[in-house]
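K.L.:
give me a model of this one.
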Amino acid sequence: MLIRIRSRDGLERLQIDNPNITISQLKTLIESQLKVPSHNQTLSANQSLLIAKTPTQIAQFTDMSNPQTLISSLNITHGSIIYLAYEGERTVSGPKIQPAGSFGKKMTMDDLIAKQMRIVRQENPNCELVSFDRDAANGFQRYVNEMLVFGVKRGGFMYGTVSDEGKVEVDFIYEPPQQGTEDSLILLRDSDEERLVEAIALGLGMRKVGFIFNQTIAQTKTDYTLSNREVLQAVELQGESELKEWVTVVVKLEGNDDDDSGGDVHFEAFQLSDLCVKLFKDGWFETEIGADADPKLSKMKKDVVVGVKDTREVDNDFFLVVVKIFDHQGPLSSTFPVENRNTMITMRTLKTHLDRTRNLPFVKRISDFHLLLFIARFLDVNSDVPALAGCVRAQATIPKGYQILIDSMAASG
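P.N.:
Numbers count the residues shown, from 1 in each chain. Reported below is the predicted structural model:
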């Protein structure tokens, strides 16, 4: 199987023949394939490892410190991501280049052009359009506008459906644990919580369809659409999804000089081009971005051709494909507090919500993704969670056992 190793050098792939190896054997494979000595490695399933600065901070990540632990016991399977920290330097291997012309072999102009990586724009997206549930979209933009005042970045994963014609409908937004600053967004993804989200989506007949984030006020006067950091994050998530209709949505505040309202909130939707995804997967992008780097340019590790010019800097707009935006009224409400924000969600929160909606049928009272996620923490992820979400999808009568459980949870608050 293949697992992905994320380090300061970017994302690399590791081939594993036996899924039942130990942490010690995993480190040996990393040493042989990625050239990082075993004794230098700190491994973790927690992305926060990558922002640890000191040996003391790194030492706090102990979830993969026991050399005898089987990786299968940590739910590491095909496609999993493991985070790696190490000291010192190493040489990241690149593609082997065969010299041409040294021993009588000649290259024609057609051969030379064929070997060049030419950057061209993609005219049409792989999806027809993206349509937002009005309540879900409003809940996200209102938080970044009224609570964060567009001062720091915030992001979320969009879930919904994709039609045969390539129409993407977004019906809820899941906001993972994260740390946002004025110019960066670090997703501190929780695999256990995301399993619950996926189980809910399965029961609702939905799937992950894209990524949404806001730009900050500091970016409103810039001359780029997406920054190089935003392109890297967006293309990594699009490549990880393997969904050709995957959409990236940007929420921004555009100034209005005619009044004192502070500006208007706008949504813009894009796909990263197929070429951009291929370049990222093939390791062409420089993933370390210096403080003095021009944010409107993405740096390449090798020369590419833009127009008639050889360069290692590409305007980010070459990688963006615009997607049309519509809206709709989806099947879910969006009034329960959103996860992983500054608000503490308790059983009292559940009771208040249920009391406020007591005049509605019970299935309507729980037809809210954020409420379902709160309840799911107390249910079996493999059976109860998709079953309860399935009742919401069908707007069917909620089984008595689930009603009693949810009411008793609320009563305890």
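K.L.:
for this protein, where's the lowest mean pLDDT among helices and strands?
P.N.:
Using mean pLDDT, DSSP states H and E, the weakest-scoring helix or strand in the chain turns out to be helix 109-115, at a mean of 51.
K.L.:
shaky segments in this protein?
P.N.:
The chain contains residues with pLDDT under 70 at 91-115, 256-262.
K.L.:
center of it - which residue?
P.N.:
residue 237 (4.6 Å; Cα atoms, centre = their mean).
K.L.:
need the three-state assignment for that residue.
P.N.:
When classified by DSSP: H, G, I helix; E, B strand; the rest coil, residue 237 comes out as helix.
K.L.:
hmm, residue 211 and it touching each other?
P.N.:
Yes - the criterion here is Cβ atoms under 8 Å, and residue 237 meets it with residue 211 at 4.9 Å. For the C-beta atoms, the positions are set from N, CA and C on the backbone; glycine is no exception.
K.L.:
now for the two: what residues contact both?
P.N.:
By Cβ atoms under 8 Å, 6 or more residues apart in numbering, residue 237 and residue 211 have these common neighbours: 246, 248.
K.L.:
residue 323 is in contact with residue 273, isn't it?
P.N.:
No - with contact defined as Cβ under 8 Å, residue 323 does not count as touching residue 273 (11.9 Å).
K.L.:
who are the contact partners of residue 297?
P.N.:
Residues in contact with residue 297 (Cβ under 8 Å, 6+ apart) are 228, 313-316.
K.L.:
how long is stretch 350-365 from one end to the other?
P.N.:
Stretch 350-365 has an end-to-end distance of 11 Å (Cα to Cα, to the nearest Å).
K.L.:
and what of stretch 302-314?
P.N.:
11 Å.
K.L.:
quick check: buried residues in that stretch?
P.N.:
By neighbour count on 16 or more other Cβ atoms under 10 Å, the buried set for stretch 302-314 is 304, 306, 314.
K.L.:
element containing the closest residue to residue 334 other than its chain neighbours?
P.N.:
Nearest residue to residue 334 in three dimensions, chain neighbours excluded: residue 135, at 3.9 Å (Cβ to Cβ, 6 or more residues apart in numbering). Taking DSSP states H and E as the definition, residue 135 sits inside helix 134-142.
K.L.:
what packs against that helix?
P.N.:
Contacts defined by 3 or more Cβ pairs under 8 Å, 6 or more residues apart in numbering; DSSP states H and E place helix 134-142 against strand 167-174, strand 264-272, strand 325-328.
K.L.:
identify the residues contacting the residue nearest to the centre of the chain.
P.N.:
Counted by Cβ under 8 Å, 6+ apart, residue 237 has contacts 211, 246, 248.
K.L.:
tell me the one among those residues nearest to residue 39.
P.N.:
For the contacts of residue 237, the minimum distance to residue 39 (Cβ to Cβ) is 37.0 Å, reached by residue 211.
K.L.:
got the buried residues for the helix or strand harbouring the closest one?
P.N.:
Secondary structure from DSSP H and E places residue 211 in strand 207-214. For strand 207-214, burial by neighbour count (16+ other Cβ under 10 Å) applies to 208-214.
K.L.:
partners of that strand in the sheet?
P.N.:
Strand pairing for strand 207-214, using DSSP bridges, gives strand 155-162 (antiparallel), strand 247-254 (parallel).
K.L.:
surely residue 240 is within a helix?
P.N.:
Yes - counting by three-state DSSP, residue 240 is part of a helix.
K.L.:
one step back: could you redo the buried residues of strand 207-214 as TSV and give each row distance to residue 413?
P.N.:
Converted to TSV, the buried residues of strand 207-214 look like this (distance: Cβ to Cβ, whole Å):
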residue	distance to residue 413
208	31
209	34
210	34
211	33
212	31
213	33
214	32
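K.L.:
and the residues you listed, which is closest to residue 161?
P.N.:
Residue 161 has its nearest neighbour among the buried residues of strand 207-214 in residue 209, at 7.5 Å by Cβ to Cβ.
K.L.:
surely that closest one meets residue 167?
P.N.:
No - using Cβ under 8 Å as the test, residue 209 is too far from residue 167 to be in contact (10.5 Å).
K.L.:
go through the strands paired with strand 207-214 and pick out the most buried.
P.N.:
strand 155-162 (a mean of 23; mean count of other Cβ atoms under 10 Å).
K.L.:
CA-only coordinates of it in CSV, if you can.
P.N.:
Output of strand 155-162 as CSV, limited to C-alpha atoms (Å, rounded to 0.1, in the frame of the first residue of the first chain):
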residue,chain,number,x,y,z
GLY,A,155,-11.6,27.5,6.3
GLY,A,156,-14.0,24.6,5.9
PHE,A,157,-14.7,21.6,3.8
MET,A,158,-17.9,21.7,1.7
TYR,A,159,-20.2,18.7,1.5
GLY,A,160,-23.0,18.0,-0.9
THR,A,161,-23.7,16.2,-4.2
VAL,A,162,-22.4,16.1,-7.8
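K.L.:
any idea of the angle that strand forms with helix 134-142?
P.N.:
Here strand 155-162 points in a direction 160 degrees away from that of helix 134-142 (axes from the mean of the first three to the mean of the last three Cα atoms, to 10 degrees).
K.L.:
what residues are up against residue 140?
P.N.:
Contacts of residue 140 were listed using Cβ under 8 Å, 6+ apart, and they are 154, 156, 173, 175, 212, 251.
K.L.:
repeat that for residue 387.
P.N.:
residue 203.
K.L.:
and the next helix or strand past whichever strand or helix holds it?
P.N.:
Element membership for residue 387 (DSSP H and E) is helix 384-394. Moving toward the C-terminus from helix 384-394, the next helix or strand (DSSP H and E) is helix 400-411.
K.L.:
angle of that following helix against helix 384-394?
P.N.:
100 degrees.
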